[in-house]
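Pasting the sequence and the predicted coordinates here, then a few questions.
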Amino acid sequence: MEKRLIEVDEYERRLIIASLNDTRNELMAQGRDTGFVDDTLLTVIDAPAKKQKKKTEAHR
């Protein structure tokens with residue numbers, strides 16, 4: 001399986017989580033399976049943050 005890595009800021013991350021949660025709620029209301037959305041939602045929630053390197057005076 002091919003995987004992709006994307007970088008998003010905190011606002012975009014929250015937007016993705018909210019959108020997935022809305023989709024999950026719609027599927028639940030329709031009585032449909034939410035397994036794939038649940039898994040994707042947990043993946044986004046648990047995704048580690050990228051550590052930012054601190055710039056020192058020598059690098060400027």
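Cool, got the structure.

The residue nearest the centre of the chain sits in which helix or strand?
The C-alpha lying nearest the average C-alpha coordinate of the chain belongs to Val44 (Cα atoms, centre = their mean; 2.8 Å). If you go by DSSP states H and E, Val44 is part of helix 35-46.

Restricting to C-alpha, output that helix in CSV.
Extracted in CSV, the C-alpha atoms of helix 35-46 (Å, rounded to 0.1, in the frame of the first residue of the first chain):
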residue,chain,number,x,y,z
GLY,A,35,-15.0,1.5,10.4
PHE,A,36,-12.9,3.1,7.7
VAL,A,37,-13.7,6.6,8.8
ASP,A,38,-13.1,5.6,12.4
ASP,A,39,-9.6,4.2,11.5
THR,A,40,-8.8,7.3,9.5
LEU,A,41,-10.0,9.6,12.2
LEU,A,42,-7.8,7.9,14.8
THR,A,43,-4.8,8.0,12.4
VAL,A,44,-5.2,11.8,12.1
ILE,A,45,-5.7,12.3,15.8
ASP,A,46,-2.7,10.2,16.8
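
Could you check the angle the longest helix along the chain makes with helix 35-46?
Ordering each helix of the chain by length in residues (DSSP state H) puts helix 10-29 first. With axes from the mean of the first three to the mean of the last three Cα atoms, to 10 degrees as the basis, helix 10-29 and helix 35-46 are set at 160 degrees to each other.

For helix 10-29, C-alpha coordinates in CSV please.
What follows is helix 10-29, C-alpha atoms only, in CSV (Å, rounded to 0.1, in the frame of the first residue of the first chain):
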residue,chain,number,x,y,z
GLU,A,10,-3.0,22.9,13.7
TYR,A,11,-6.0,24.7,12.1
GLU,A,12,-6.0,22.4,9.1
ARG,A,13,-5.6,19.3,11.4
ARG,A,14,-8.6,20.4,13.4
LEU,A,15,-10.6,20.9,10.1
ILE,A,16,-9.7,17.4,8.9
ILE,A,17,-10.8,15.9,12.3
ALA,A,18,-14.1,17.8,12.3
SER,A,19,-14.8,16.8,8.7
LEU,A,20,-14.1,13.2,9.4
ASN,A,21,-16.2,13.3,12.5
ASP,A,22,-19.1,14.9,10.6
THR,A,23,-18.8,12.1,7.9
ARG,A,24,-18.8,9.5,10.7
ASN,A,25,-22.0,11.0,12.3
GLU,A,26,-23.8,11.1,8.9
LEU,A,27,-22.9,7.4,8.3
MET,A,28,-24.1,6.5,11.8
ALA,A,29,-27.4,8.3,11.2
